[in-house]
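> coordinates only, no sequence provided:
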């Protein structure tokens, strides 16, 4: 396991520097730089268009929001009240749809978020990389009210289905071994992040913990806690999740 510095604590310090204007501190979080031009563009576009209703609002965001991002393909759909933080470190492919109230948060100078072609991110979902990397492969579908968060590395393959209320947490296990130091100041322990292969289906209310690899073609049952890796084409469920059989194999006869 690797120690990871407490990124949130660093961000709190960056946002509370008495010798710097508050707009610069906010610009580092929202835009990813302190340059005045990109900051004013971010404020104008998100402030005026973020909640603009109807088809015209969708069209306006499609035309303008690519100007905020590190890269963006054609056909972007952005719903109402979408929050982008560290926007210059977010790269989005072609024909991506981002539903209402989604948060895409690339915190820290080393953070990056890459979203492949044809990805759907449903409403109220949070995707957060804290000085770390998240990649979501082409054709994947992230359900509503999910959390995908990492302090190290989170890789989601192509054509992955993640059902609603799923939590994928790659890192962020707080150290607590020193009882004399507040836990918030002791940093994180990382087990190397999470890797999810292609063509995986994760049922609703699932939890995927740091250090886990879910092989291509797997099915993870609803309400499962995955704290150990699952080999390719496995069907697993439970708390903790256990591989029950292989995808394509006949189900056992009821007793």
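Thanks, I have the structure now. Quick caveat: nothing in here was measured; it's all calculated off a predicted structure.
> nearest the geometric middle of this protein, what residue?
When CA atoms, centre = their mean is applied to the chain, the residue found nearest the centroid is residue 127 (2.4 Å).
> partners of that one in the sheet?
Bridge pairing for residue 127 (DSSP bridges) gives the partners residue 104, residue 148.
> now residue 153. Nearest residue, chain neighbours left out?
Once flanking residues are discounted, residue 153 sits nearest to residue 193: 3.2 Å by CB to CB, 6 or more residues apart in numbering. Placement of C-beta: from N, CA and C, glycine included.
> also residue 90?
In space, residue 90 is closest to residue 113, 4.8 Å off (CB to CB, 6+ apart).
> neighbours of residue 48, how many?
Residue 48 has 11 neighbours, counted by other CB atoms under 10 Å.
> picking up where we left off before, quick check: which element contains the residue nearest to residue 90?
strand 112-115 (DSSP states H and E).
> who does that strand pair up with?
strand 90-92 (parallel), strand 133-136 (parallel).
> show the contacting residues for residue 167.
The neighbours of residue 167, taking CB atoms under 8 Å, 6 or more residues apart in numbering as the test, are 146, 147, 206, 207, 208.
> now residue 129
105, 106, 107, 111, 112, 113, 149, 150, 154.
> the third one is in contact with residue 30, isn't it?
Meaning residue 107. No - contact criterion CB atoms under 8 Å: residue 107 and residue 30 do not qualify, at 10.6 Å.
> give me the spatial nearest neighbour of residue 27, chain neighbours excluded.
residue 39 (4.2 Å).
> the one you found in helix, strand or coil?
The three-state assignment at residue 39 reads helix, by DSSP: H, G, I helix; E, B strand; the rest coil.
> look up how far residue 23 lies from it.
Going from residue 39 to residue 23 by CB to CB, to the nearest Å gives 7 Å.
> which one's more surrounded, those two?
residue 39 (19 against 14).
> surely the more buried one is in contact with residue 28?
No - Residue 39 lies out of contact with residue 28 (CB under 8 Å); the separation is 9.4 Å.
> circling back to that earlier point, tell me which residues touch the residue nearest to residue 153, please.
Counting by CB under 8 Å, 6+ apart, residue 193 makes contact with 132, 150, 152, 153, 154, 155, 170, 171, 210, 211.
> then residue 114?
The contact partners of residue 114, taken as CB under 8 Å, 6+ apart, are 91, 92, 133, 134, 135, 136.
> low-scoring stretches of this structure, by residue?
1-18, 20, 172, 250-255 (pLDDT under 70).
> can you pull out the helices in it?
7-14, 22-30, 36-49, 54-64 (DSSP state H).
> state the distance from residue 200 to residue 232.
Distance from residue 200 to residue 232, by CB to CB: 9 Å.
> higher neighbour count, those two?
Per other CB under 10 Å, whichever of residue 200 and residue 232 has more neighbours is residue 200, with 25 against 16.
> who touches the more buried one in this structure?
Contacts of residue 200 (CB under 8 Å, 6+ apart): 157, 160, 161, 214, 216, 217, 218, 219, 220.
> return the residues in contact with residue 168.
Here residue 168 is in contact with 146, 147, 148, 149, 154, 156, 162, 194, 196, 207, 208 (CB under 8 Å, 6+ apart).
> and if we set it to 6 Å?
Contacts for residue 168 (CB atoms under 6 Å, 6 or more residues apart in numbering) come out as 148, 194, 208.
> ok, residue 205 next?
165, 222, 223.
> what do you get if the cut-off is 8 Å, keeping everything else the same?
163, 164, 165, 166, 222, 223.
> surely residue 53 is in contact with residue 61?
No - using CB under 8 Å, residue 53 makes no contact with residue 61, being 11.3 Å away.
> and for residue 44, the neighbour number?
Residue 44: 11 surrounding residues under other CB under 10 Å.
> skip the chain neighbours and tell me the closest residue to residue 136.
Counting by CB to CB, 6+ apart, the residue nearest residue 136 is residue 156, at 4.6 Å.
> done for today, thanks.
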